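[1] Got a sequence here, can you model it:
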Amino acid sequence: MKALLILTLLMPVLAKASPTSCLAQIMWSEAQGESLSGVASIGSAAINRAKRFKQNLCRLSGVTYKRVPNVIRPHFEAMAKSSMSNKSIVGDADSWERSKRPNGKITARVGRHTFYKMAGL
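    I've put the predicted structure just below:
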């Protein structure tokens, strides 16, 4: 009974999950503190990863999804939508690192992130 109540309360949140809102969550989570170009770069790399591994943006592995605060959600969803309709700004990069040495071919450096195409996958 308790599980059914929890699921009922979460249903509207789960139903709203769209590729655009999921990408906005990735961009918010992974690029906090970056410039607009840094945030857009995270979006481009996440899209590349989803395409390369044939995954849904809402179930992409190796990324963090944090709820975007309501006050800035429209901004991040607009950026996500723009990223989905534009050419990648990080080439074929599908991954990013802030502090570790990347395991793959580096394609770009934007802000504090190094973007690369994963090797050996």
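[2] Remind me which helix or strand the residue sitting nearest the centre point of the chain belongs to.
    With the centre of the chain defined as its mean C-alpha position, the nearest residue by CA atoms, centre = their mean is I26, 3.1 Å away. Taking DSSP states H and E as the definition, I26 sits inside helix 19-30.
[3] just checking, what packs against that helix?
    The contact analysis (3 or more CB pairs under 8 Å, 6 or more residues apart in numbering; DSSP states H and E) places helix 19-30 against helix 36-52, helix 73-85. (Each C-beta comes from the backbone N, C-alpha and C, glycine too.)
[4] avg pLDDT for that helix?
    Over the span of helix 19-30, the pLDDT mean works out to 97.
[5] Any buried residues in it, and which?
    Buried residues in helix 19-30, counted by 16 or more other CB atoms under 10 Å: 19-28, 30.
[6] same check, this time on stretch 114-121
    Neighbour-count burial for stretch 114-121 flags 114-118 (criterion: 16+ other CB under 10 Å).
[7] Also stretch 93-107?
    93-96, 102, 104, 107.
[8] hang on, the earlier thing: mind putting the buried residues of helix 19-30 into TSV with distance to A46?
    Shown next, in TSV, are the buried residues of helix 19-30 (distance: CB to CB, whole Å):
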residue	distance to A46
P19	10
T20	12
S21	13
C22	9
L23	6
A24	10
Q25	10
I26	5
M27	7
W28	12
E30	8
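[9] closest to K87 among the residues you listed?
    L23 (15.6 Å; CB to CB).
[10] Looks like D92 contacts Y116 (just checking).
    No - the pair D92 / Y116 is not scored as a contact, 9.5 Å apart, by CB atoms under 8 Å.
[11] To what extent is L57 buried, counted in neighbours?
    A count of neighbours around L57, defined by other CB atoms under 10 Å, yields 25.
[12] Show the contacting residues for K105.
    Listed by CB atoms under 8 Å, 6 or more residues apart in numbering, the contact set of K105 reads 116-117, 119.
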